[in-house]
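S.K.: A predicted structure for the sequence below; I have some questions about it.
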Amino acid sequence: MTQSKFDLPVQYRALDVARDSIDSETRTVELAFSSEEPVDRSFGTEILDHSPTSVRIGRLENGGPVLVDHNPTDQVGVVENVSIDGDRRGRVRVRFGRGQRASEIFNDVVDGIRRSVSVGYRIHEMKQERVGKGAAPDVFRAVDWEPLEVSLVSIPADVTVGVGRTSGSDSAPVLVHQLREEIQMENIQPAVAPAPAPAVDMRVLENDVRNRELDRVRGIRKLGDTFKVADMAERAIGEGVGLDQFRASVIEHLERTRPVPSSEIGMSEREVKSFSFVRAIHALSNPTDRRAQEAAAFEFEASRAAAEKLGRASRGITVPVDVLARDLLVGTTTAGGHTVQTDLMANDFITLLRNRSYMMQVATVMSGLNGNVAIPRHTTAATAYWVAENGAPTESQQAFDQVTLTPKTVGAFTDFSRRLTLQSSIDVEAFVRNDLATILALEIDRVALHGSGASNQPTGIASTAGIGSVAGGTNGAAPSWANIIALESAVAVANADVGNLAYCTNAKVRGKLKSVEKATNTGMFVYTEGSTPLNGYNTVITNQVASNLVKGTSGAVCSAIFFGNWRDLMIGMWSGLDLLVDPYTGSTAGTVRVVALQDVDVAVRHPESFAAMLDALTT
């Protein structure tokens with residue numbers, strides 16, 4: 001037996017959390033974190049010896065950290081007890097903290113959402129137990145190893161494959177006792193000396209392993225840098241995730257992760273409720289009124305903080321995204337919107353009848369954006385090949401592109417009486433907020449469906465290349481049962497019939513479909529009663545859906561019908577609603593004009609997620 005040294009990084013192994021070991025009262029969980037299960041590594045098969053003298057448990061005994069996904073900056077608990085039991089398994093009892101992040105992870109463990117635990121450990125010494133023969137790998141037993149931390153992981157390393165890595169500062173020399181020959185003890189002939197096994201050239205082996213590992217690490221880091229998921233890339237490197245597997249993980253991560261608002265100024269819930277549009281408008285329309293300026297001191301301070309966060313000067317007053325998240329993004333139907341529209345000052349004025357706002361309730365709304373946004377999209381998968389014996393498959397690559405969002409400014413104005421802005425009642429404040437939110441929300445709704453992509457407009461669903469198309473005829477046609485089925489089929493054939501599937505059309509189409517039979521003389525109409533009136537799906541009726549589309553040479557005016565997964569509609573909102581107050585244009589009538597400007601864009605995650613009929617005749 002000879003001795004040599006080569007570098008090994010921190011290694012990882014994964015086991016499942018036993019839910020019956022959870023104590024919700026003390027916030028503790030008992031975990032089996034290691035065993036003598038053989039695991040394939042790049043250097044051969046690894047076995048962790050569980051003799052008491054083989055495991056250094058001091059670091060865990062002294063309050064070892066409990067992390068999330070092996071992230072040293074994301075600690076949620078501490079190890080309270082460590083033992084190496086007679087069944088040759090390592091076990092710990094961990095206790096979770098009471099902070100928000102720790103409670104979130106502990107609740108996931110209690111609910112069975114996070115079921116996997118992984119241990120990070122370092123090997124100090126190994127002994128080779130067997131020299132591999134043919135396809136069988138060399139077998140090494142770690143006789144001196146040290147667990148470093150315990151992690152709750154969402155995607156555990158596979159216990160049957162290698163999860164090591166070779167990477168700079170994480171690597172450490174390991175003393176390896178190698179066998180130079182293995183003597184077969186069976187069927188020994190007295191007169192014949194046993195033939196020595198071929199010597200393993202460790203330098204060749206190490207170079208081969210190192211080169212393959214460097215290729216993997218370089219590929220993962222390149223993807224991490226390209227898609228700005230460097231932390232995720234480093235974890236994947238540490239857990240030995242293959243390059244193809246990491247590509248798939250990146251796509252899954254990016255598709256389910258929304259950009260986090262980055263322009264909030266940290267207003268409390270009480271401060272958000274205290275922010276008054278009326279005070280701000282009154283102060284802006286009366287710049288020489290000292291009492292008005294003093295009354296709006298809080299609003300001006302919040303505006304300055306929001307403008308500084310955005311790195312720009314306000315054109316009037318910048319409403320922080322903290323306030324917008326409550327007022328603008330909810331549109332007109334949540335957070336009391338229906339109540340405001342229906343009941344607000346009902347005895348004093350009659351509210352305007354408006355189209356129903358819907359898109360921002362069902363789309364993926366990303367608020368608080370800064371700069372242009374580019375979301376990677378997986379467009380083409382790798383290809384599988386059948387090969388002959390000893391043959392090799394043809395190399396194939398996944399393909400990616402990007403879905404981009406760039407700010408486009410939508411503006412609208414509304415006139416308020418000077419007397420109205422002098423009021424301080426809750427009803428007046430709610431009316432002003434609601435009116436400002438509604439005029440912008442309705443236009444954003446419209447462009448989400450029918451934005452042309454020209455004249456500074458975003459590109460809406462109807463103008464997006466690649467969506468499913470169902471045509472009625474050269475000059476349009478009355479919508480039929482076959483057209484409705486074709487819309488659903490266009491999405492399903494593209495494997496996009498998942499998520500928040502629903503139809504969306506206008507009141508004219510609904511009225512038409514109520515009189516269209518699925519088949520002649522059956523008495524079964526296309527549009528039925530109930531919560532899923534159209535082809536068994538939810539159906540939204542809003543006059544935001546166009547009813548003035550012209551098709552063909554006849555000049556026929558048509559309506560649109562949409563079907564799709566509405567979560568794949570993305571609406572990006574850049575922080576900072578600008579309010580400009582003009583007290584002069586309507587001064588003779590005693591009105592104040594408020595101009596609202598908001599930066600927004602619309603994109604579709606997958607065009608295949610939507611289908612449209614744009615030539616439905618309703619007359």
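M.R.: Nice, thanks for sending it over. Numbering: from 1, shown residues only.
S.K.: Please provide the alpha-carbon coordinates for the helix or strand residue 573 falls within, formatted as CSV.
M.R.: Assigned by DSSP states H and E, residue 573 falls within strand 569-582. Extracted in CSV, the C-alpha atoms of strand 569-582 (Å, rounded to 0.1, in the frame of the first residue of the first chain):
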residue,chain,number,x,y,z
LEU,A,569,-48.8,37.5,-19.7
MET,A,570,-46.2,39.7,-18.1
ILE,A,571,-46.7,43.4,-17.2
GLY,A,572,-43.6,45.3,-16.0
MET,A,573,-44.1,48.4,-13.9
TRP,A,574,-41.2,50.7,-13.3
SER,A,575,-41.3,52.5,-10.0
GLY,A,576,-42.3,56.1,-9.5
LEU,A,577,-45.7,57.2,-10.6
ASP,A,578,-45.2,60.9,-11.6
LEU,A,579,-48.0,63.3,-10.7
LEU,A,580,-47.9,66.7,-12.3
VAL,A,581,-50.4,69.3,-11.1
ASP,A,582,-51.6,72.1,-13.4
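S.K.: next SSE after it?
M.R.: Counting by DSSP H and E, the next helix or strand C-terminal to strand 569-582 is strand 591-604.
S.K.: how far off strand 591-604 does whichever helix or strand comes after that next one point, in degrees?
M.R.: Next helix or strand after strand 591-604 toward the C-terminus (DSSP H and E): strand 610-616. On the basis of axes from the mean of the first three to the mean of the last three Cα atoms, to 10 degrees, strand 610-616 is oriented at 120 degrees to strand 591-604.
S.K.: State the mean pLDDT of the strand holding residue 573.
M.R.: Mean per-residue pLDDT for strand 569-582: 82.
S.K.: quick one, that strand and strand 610-616 angle?
M.R.: Orientation of strand 569-582 against strand 610-616 (the same axes, to 10 degrees) gives an angle of 70 degrees.
S.K.: in its sheet, what does strand 569-582 sit against?
M.R.: Here strand 569-582 is paired, per DSSP bridges, with strand 317-319 (antiparallel), strand 364-369 (parallel), strand 591-604 (antiparallel).
S.K.: any chance of these in JSON lines, with mean neighbour count and distance to residue 463 too?
M.R.: For the C-beta atoms, the positions are set from N, CA and C on the backbone; glycine is no exception. Converted to JSON lines, these look like this (neighbours: other Cβ atoms under 10 Å; distance: least, Cβ to Cβ, whole Å):
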{"stretch": "strand 317-319", "mean neighbour count": "25", "distance to residue 463": "30"}
{"stretch": "strand 364-369", "mean neighbour count": "20", "distance to residue 463": "19"}
{"stretch": "strand 591-604", "mean neighbour count": "22", "distance to residue 463": "10"}
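S.K.: For those, which has the smallest mean pLDDT value?
M.R.: Lowest mean pLDDT of the strands paired with strand 569-582: strand 364-369, a mean of 77.
S.K.: Just give me how far that strand sits from the chain centre.
M.R.: Computed by Cα atoms, centre = their mean, to the nearest Å, the chain-centroid distance of strand 364-369 equals 12 Å.
S.K.: C-terminal to the lowest-mean-pLDDT helix or strand in the chain, what's the next element?
M.R.: Least confident helix or strand, the chain: helix 337-343 with a mean of 32, by mean pLDDT, DSSP states H and E. Per DSSP H and E, the first helix or strand lying C-terminal to helix 337-343 is helix 359-362.
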